[in-house]
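Visitor: Take a look and give me a structure for this.
(one chain, ligands or ions: 1)
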Amino acid sequence: MKITSRLPEVGTSIFTVMSRMALECGAINLSQGFPDFPVSEKLIDLIHRKMKDGHNQYAPMPGVPALRQAIAEVVAKTYGRTTDFETEITVTAGGTEAIFATIAALIGAGDEVIVFDPAYDSYDPAIRLNGGIPVHLNLSPPDFSIDWNEVKSRITSRTRMIMINTPHNPAGSVLSDADLITLQKLAVDHDLIVLSDEVYERIIFENKSHESVLKYPALRERSIAVFSFGKTFHATGWKVGYTVAPENLTREIRKAHQFITFSVNTPVQLALAEYLADTENYLHLGKFYQQKRDFFLQEIKGTSLRALPCYGSYFQLLSYQGVSEKEDTAMAEWMTREMKLAPIPVSAFYKDKSDHRLLRFCFAKGEETLQKAGKILRSL
Ligand code: GLN
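Guide: Okay, the predicted model is just below:
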């Protein structure tokens, strides 16, 4: 049988490849981004109770009302915006499904979508699988800032959407108030939709404030903000996230969501609804991760590795130009196989495979793991 691949050049995701290599080689795995801290006992007990109480059948398609109400309260407290949980919030199977459902619902054949590279690996295939045309704009180290004049010059009559990600994976950069104001003007002037991946909203450092699209009234009217409980509650394996978008966009997103996953698991949603009521359960995440970042940076002090600025997310980029001339994929593989420490090569996040000789390290790990990683990095 002849099969025509819709994604001929796509292989296994770099996160899976590097995690598998780390496992094979017995290497410390700072590649795929996931925390190794335990999930709150309280939250686990709540889920257990919900299961015992018989909440084990399909949840309503957009998410259980109690959770959507709790999310609306969180959004109000965090961003000072009133949202209607009935019409503006949809619970999804993680951030990735939220992104896919949004694109599937809103992007059609020939629609152009502006994507900034380095970019999370699902963006480009999600656009292409739905007939859209990704327009990649490269951002450069060390600060990965966006040149909005360049963005403007790439907008055509077919541009339908701009995707942003703040705090940024893998760069650790964050967008500023000025960025969002410029984006707002562009989006309004050119009638664009903004898909804003904000899954690291709470992992932000140095007292910076997270600039959500939800804070900007004219932007909010044309944006979909994507969030993730996996990142906030150390539970990436639960795959629960959500979108916040105005009613007209939400209506369309739900049409796609209902045929992708239909609905998200019930007991976790009910448990999260209760857990979210206490702001103590999520308000200190930035501080917690800033300590992790600083601990990791302390570990590599005095080496020839150069740490790039990191203001958010749980990823630290290191430039190894002072250590090796290897390409980043070769360096990542060598480090994993020979030094027993697995990172992610940043070229994997560029469509054109731009290689700035950077590796991404996930510091969402216990101190002992970070110490072991530090020892290896100091020995390079
Ligand atoms: N978001 C995680 C990362 O960037 C990985 C998710 C995945 O493996 N698909 O490492």
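
Visitor: hey, where'd the strands end up in the stretch 201-350 of the chain?
Guide: Here the stretch 201-350 of the chain has its strands, by DSSP state E, counting those that start in this stretch, at 223-228, 241-244, 306-307, 315-319, 341-342, 344-345.

Visitor: Kindly reformat the ones you listed as JSON lines containing distance to the ligand, mean neighbour count and mean pLDDT.
Guide: Bear in mind the C-beta positions are built from the backbone N, C-alpha and C, glycine included. Listed next are these as JSON lines, based on distance: least, Cβ to the nearest ligand atom, whole Å; neighbours: other Cβ atoms under 10 Å; pLDDT from 0 to 100:
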{"stretch": "strand 223-228", "distance to the ligand": "9", "mean neighbour count": "27", "mean pLDDT": "98"}
{"stretch": "strand 241-244", "distance to the ligand": "11", "mean neighbour count": "28", "mean pLDDT": "98"}
{"stretch": "strand 306-307", "distance to the ligand": "18", "mean neighbour count": "18", "mean pLDDT": "98"}
{"stretch": "strand 315-319", "distance to the ligand": "7", "mean neighbour count": "23", "mean pLDDT": "98"}
{"stretch": "strand 341-342", "distance to the ligand": "11", "mean neighbour count": "27", "mean pLDDT": "98"}
{"stretch": "strand 344-345", "distance to the ligand": "7", "mean neighbour count": "26", "mean pLDDT": "98"}
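
Visitor: do you know which of these lies nearest Leu195?
Guide: strand 223-228 (5.2 Å; Cβ to Cβ).

Visitor: which outside residues touch the closest one?
Guide: The set of residues external to strand 223-228 that reach it, using Cβ atoms under 8 Å, 6 or more residues apart in numbering, is 94-95, 98-99, 102, 187, 193-199, 201, 212-214, 236, 240-245, 249, 253.

Visitor: distance of the closest residue to Gly108 other than its chain neighbours from Ile107?
Guide: Nearest non-adjacent residue to Gly108, counting by Cβ to Cβ, 6 or more residues apart in numbering: Gly131, 5.7 Å away. To Ile107, Gly131 is 7 Å away according to Cβ to Cβ, to the nearest Å.

Visitor: Arg254 too?
Guide: 16 Å.

Visitor: Give me the more crowded residue out of these two.
Guide: Between Arg254 and Ile107, Ile107 has the larger neighbour count (other Cβ atoms under 10 Å), namely 24 against 20.

Visitor: residues contacting that one?
Guide: The contact partners of Ile107, by Cβ under 8 Å, 6+ apart, come to Val113, Ile127, Asn130, Gly131, Gly132, Arg160, Met161.

Visitor: burial of the fifth one, as a residue count?
Guide: The local packing count at Gly132 equals 23, with neighbours defined by other Cβ under 10 Å.

Visitor: Look up phi and psi at it.
Guide: phi -80, psi 170 (degrees, to the nearest 10).

Visitor: ok, now Pro142?
Guide: As for Pro142, its main-chain torsions (degrees, to the nearest 10) stand at phi -90, psi -20.

Visitor: quick one, what contacts the closest residue to Phe295 other than its chain neighbours?
Guide: Distances taken as Cβ to Cβ, 6+ apart place Leu370 nearest to Phe295, at 5.7 Å, with adjacent residues excluded. Contacts for Leu370 (Cβ under 8 Å, 6+ apart) come out as Lys292, Phe295, Phe296, Glu299, Phe363.

Visitor: I'd like the distance between Ser379 and the ligand.
Guide: Computed as Cβ to the nearest ligand atom, to the nearest Å, the Ser379 to the ligand distance reads 25 Å.

Visitor: wait, what's in contact with the nearest residue to that residue once chain neighbours are set aside?
Guide: Distance criterion Cβ to Cβ, 6+ apart; nearest residue to Ser379, sequence neighbours excluded, is Met339 at 7.5 Å. With contact set as Cβ under 8 Å, 6+ apart, Met339 has these partners: Ala27, Ile376, Ser379, Leu380.

Visitor: In contact with the residue lying closest to Met335 once chain neighbours are set aside, which residues?
Guide: Leaving out its chain neighbours, the residue that sits closest to Met335 by Cβ to Cβ, 6+ apart is Leu341, at 5.4 Å. Contacts of Leu341 were listed using Cβ under 8 Å, 6+ apart, and they are Ala27, Ile28, Leu30, Met335, Ala373, Ile376, Leu377.

Visitor: okay, now Phe363: neighbour count?
Guide: When counting by other Cβ under 10 Å, one arrives at 25 neighbours for Phe363.

Visitor: State the number of residues packed around the residue lying closest to it once chain neighbours are set aside.
Guide: With sequence-adjacent residues excluded and distances taken as Cβ to Cβ, 6+ apart, Phe363 is closest to Phe296, at 4.3 Å. For Phe296, the count of nearby residues is 26 (other Cβ under 10 Å).

Visitor: For Phe296, give me the pLDDT.
Guide: Looking at Phe296, its pLDDT is 98.

Visitor: show me the contacts for it.
Guide: Gln316, Phe361, Phe363, Leu370, Ala373, Gly374.
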